[in-house]
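S.K.: Kindly generate the corresponding structure for this input.
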Amino acid sequence: MSDEAQLGASGNDLKVKAPANPVKKTKESKTISAGQTSSAVPNKKVALKKLEPDTAKLLISLRDKVNKKDLGRKIRDSEIIHLGLSLIEQHHLDAIKESTYSERDRLHMAHQDYQKVHGKLSLDQYIGKLLRGEIRVAP
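M.R.: Now for the predicted structure:
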């Protein structure tokens, strides 16, 4: 009688008693770090990254724009990201890499290049030669 409907004293009132410990069915969250493989998808590496707010807004905007159609299924974010990543060429990667170098990094790279051609030279000696004009570094 605990889970069943009961008729009230008048016979017209219907009372339902809820179970003492309701069990909510929830989906188990599976967290996969970058580089780990999911057991559901064997031999595939999953890389989950957080997006910056501007990037997320752009992605949502593109997804909403492409999903304004009458027929067909909805386009997933991963499909847009995959297409975008497939369009990246080596010169794009080189430009991104170049943008990460500080002036100190550029100095060390020029010093290393000089040492490959002319042999060992301390960084202080290299800077001295640069200041005296004995060495010219191409931009």
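S.K.: Mind giving me the packing neighbours of the longest helix seen in the chain?
M.R.: Longest helix of the chain, by residue count under DSSP state H: helix 103-118. Packing contacts for helix 103-118, counted by 3 or more C-beta pairs under 8 Å, 6 or more residues apart in numbering; DSSP states H and E, involve helix 123-132. C-beta here means a position set from N, CA and C on the backbone, and glycine is covered the same way.
S.K.: Next, count neighbours for residue 71.
M.R.: 4 (other C-beta atoms under 10 Å).
S.K.: Could you list the residues in contact with the longest helix of the chain?
M.R.: 101, 121, 123, 126, 127, 135, 137 (C-beta atoms under 8 Å, 6 or more residues apart in numbering).
S.K.: Quick check: pLDDT value at residue 28.
M.R.: On pLDDT, residue 28 comes in at 46.
S.K.: Equivalent analysis for residue 15, please.
M.R.: The model's pLDDT for residue 15 equals 45.
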